[in-house]
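Build the 3D model from these lines:
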Amino acid sequence: MANLTVDLANPVSHRIGSVSFVAADRLGAARFALARAVNLTDSGSHIHLANAYSLALADSNDTVRRSLSGDSTNFADGKPLTWVSTLKRHSPRIVQVRGPQLFRDVFDLGRVSEVKHFLLGSSDETLAQLQYALEKSYPGVQIAGTFSPPFRAMSSEELSAQDEKIAASGAQIVWVGLGTPKQDLEAFRLAFALPVVAIAVGAAFDFVAGSVKESPRWISKLGFEWVYRLAMEPRRLWRRYLFGNARFLWSVAKNWNK
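This next block holds a predicted model:
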């Protein structure tokens, strides 16, 4: 499939549920993110890899919906979103941009422009494994810093210290891997706090670090990656998929003509 051209000034977006998604394939999305990174202004920007669960949360939570609205750039990290786009006859239609693949593509292509990255989230152990894996796979990649925040809500003083650490690193892209919806809220906040591109990237940290196994490619292509993940982590994910999928379908249906 040919690459979808992304107009950096006016990207084509289509609405699914209560969220708008940019029509771009994996390489178009990577180039879009890199263009934002190498042309930073005084204000930051935020990019989200959203899926059916993200839409379910946005439909029921005003704060989450705001983080995915306005000047947010959203890519469809989920096959069900592409099926809806096809049914709605979008042109160009929305195609899947998987978070782990975008993560890898931006690190790979960003070496040419010497883009500096910051890894925010997960544990210190996973971050060390992740940095090792990235530097091994993409020689010359520039990882300006990493930080594993506490798993509780951070105070304003702690957030300021974190932001100072990111700013001092000179990072242009901050990858946020804190789980949905926390990572979306943090990417939204960072874009207003710092002149960086903050990307909420889902489970990419664990997948690329090797701490969690990705689903086989054929399962992802069929759109059943969520079934694979549910089988791997049923106790953690069953509520998300049982109630989230139902809310996603409801959101799509009630916003069909918008």
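
in the longest helix seen in the chain, what counts as buried?
Ranked by residue count and defined by DSSP state H, the top helix of the chain is helix 234-254. Neighbour-count burial for helix 234-254, counted by 16 or more other Cβ atoms under 10 Å, picks out Leu237, Arg240, Tyr241, Gly244, Arg247, Phe248, Leu249, Ser251, Val252. C-beta here means a position set from N, CA and C on the backbone, and glycine is covered the same way.

In which helix or strand does the closest residue to the fifth one other than its chain neighbours reside?
Taking Cβ to Cβ, 6 or more residues apart in numbering, and ignoring the residues beside it in sequence, Arg247 has Ala56 as its nearest neighbour in space, at 3.7 Å. Counting by DSSP states H and E, the element that carries Ala56 is helix 52-60.

on that earlier part again, tell me what angle the longest helix of the chain forms with helix 52-60.
Calculated by axes from the mean of the first three to the mean of the last three Cα atoms, to 10 degrees, helix 234-254 forms an angle of 60 degrees with helix 52-60.

same for helix 234-254, what does it pack against?
Judged by 3 or more Cβ pairs under 8 Å, 6 or more residues apart in numbering; DSSP states H and E, helix 234-254 is in contact with helix 52-60, helix 225-232.

Lowest mean pLDDT across the ones you listed, which one is that?
Looking at those, the lowest mean pLDDT belongs to helix 225-232 (a mean of 73).

Need the contact partners of that helix.
Ala52, Gly78, Lys79, Val212, Lys213, Ser215, Pro216, Ile219, Leu237, Trp238, Tyr241, Asn245 (Cβ atoms under 8 Å, 6 or more residues apart in numbering).
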